[in-house]
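*Asks:* Turn this into a structure:
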Amino acid sequence: RQNLSKEQLRFAVLVQHFVSQDTMDFRRPPEKRMHDDVFEGILTSSVNAQLVTDAHRAEWAIEGDGFVVPKAQNDEERKQLIVDFGASLVTALEEFLL
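*Replies:* Okay, the predicted model is just below:
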């Protein structure tokens, strides 16, 4: 068993706090949300739109499947790859959580 450093523990606590805040916002009616977040999805309306907007900047793994935006030849192709990536990631998240 490996102990976390103070920095790692602080980071883990902050991430848990932010996830908790976003989760609480999801359950609130839109007019009472703390962060004015919008929720959308393909199978549900339960995925934070900001997560989808930012998701292409990171690598993801869901149930052992990797998700990363492939390299593009030009800006137009990159835009389409990001849209396709978002759709496949959201679908995988929703299927995993349902």
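*Asks:* check which helix or strand covers the most centrally placed residue in the chain.
*Replies:* The centre of the chain sits closest to Leu51, judged by CA atoms, centre = their mean, with a distance of 3.8 Å. Element membership of Leu51, judged by DSSP states H and E, is helix 49-54.
*Asks:* buried stuff in whichever helix or strand comes after that helix?
*Replies:* Next in sequence after helix 49-54, counting helices and strands by DSSP H and E, comes strand 60-62. Using 16 or more other CB atoms under 10 Å as the test for burial, strand 60-62 gives no buried residues. The way it works is simple: take the backbone N, C-alpha and C, and place the C-beta from them, glycine included.
*Asks:* got it, and stretch 45-56?
*Replies:* 47-48, 51-52, 55-56.
*Asks:* Next: stretch 87-98.
*Replies:* 89-90, 92-94.
*Asks:* if we can go back for a sec, could the C-alpha coordinates of the helix holding Leu51 be exported in CSV?
*Replies:* Extracted in CSV, the C-alpha atoms of helix 49-54 (Å, rounded to 0.1, in the frame of the first residue of the first chain):
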residue,chain,number,x,y,z
ALA,A,49,-21.8,20.0,-21.4
GLN,A,50,-18.6,21.6,-20.2
LEU,A,51,-17.1,18.2,-19.8
VAL,A,52,-18.0,17.4,-23.4
THR,A,53,-16.5,20.7,-24.5
ASP,A,54,-13.2,20.1,-22.8
